[in-house]
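Q: pasted the sequence and its predicted model underneath.
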Amino acid sequence: QLQLVESGGGLVQPGGSLRLSCVASGFNLDYYRIGWFRQAPGKEREGVSCISRNSSSLNYADSVKGRFTISRDAKNTAFLQMSSLKPEDTAVYYCAVRFGLGSCFLELYEYDLWGQGTQVTVSS
């Protein structure tokens with residue numbers, strides 16, 4: 001069974017940091033582009049960051065540039081390091097994958113498989 005499982009969410013104060021993980025099972029993540037997305041209450045899901053297969057292509061939403069860092073390792077896991085968190089970063093965060101080479105994009109329709117999400121709440 002192909003599956004993505006996110007973890008690492010939680011409650012953090014403004015200015016704090018969190019590191020989200022996305023573990024793939026049932027397939028080799030090395031062959032996929034990875035995206036992180038988020039959905040706040042009452043809002044549409046939006047792209048946050050993505051990384052290509054060989055990590056040569058990285059994209060970030062303007063709202064998170066300079067604060068979030070996407071990465072991947074050789075153990076079927078992707079990460080989203082989030083720093084200087086703001087209340088407006090509060091959302092459910094999802095990872096998603098798309099098979100193949102090439103650059104990555106922050107469009108939802110580009111991605112084939114999604115995780116169940118992890119809640120991030122930024123509040124004092």
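A: Now that the structure is in, tell me what you want to look at.
Q: OK, contacts around the residue nearest to the spatial centre of the chain?
A: Centroid-nearest residue in the chain, with Cα atoms, centre = their mean: Trp36, separated by 2.3 Å. By Cβ atoms under 8 Å, 6 or more residues apart in numbering, the residues touching Trp36 are 20, 22, 47-50, 70, 78, 80, 93-96. To be clear about C-beta, it is placed using only N, CA and C from the backbone, and glycine gets the same treatment.
Q: and it, which helix or strand is it part of?
A: strand 32-39 (DSSP states H and E).
Q: could you pull up the mean pLDDT of that strand?
A: Mean pLDDT, strand 32-39: 97.
Q: which other residues reach stretch 8-16?
A: Counting by Cβ under 8 Å, 6+ apart, 18-21, 84-87, 92-93, 118-124 sit against stretch 8-16.
Q: so which bits of the strand holding Trp36 are buried?
A: By neighbour count on 16 or more other Cβ atoms under 10 Å, the buried set for strand 32-39 is Tyr32, Arg33, Ile34, Gly35, Trp36, Phe37, Arg38.
Q: who does it pair up with?
A: When pairing is defined by DSSP bridges, strand 32-39 lines up against strand 46-51 (antiparallel), strand 91-99 (antiparallel).
Q: is Gly117 in contact with Tyr94, as I believe?
A: Yes - here Gly117 lies in contact with Tyr94, judged by Cβ atoms under 8 Å, at a distance of 4.7 Å.
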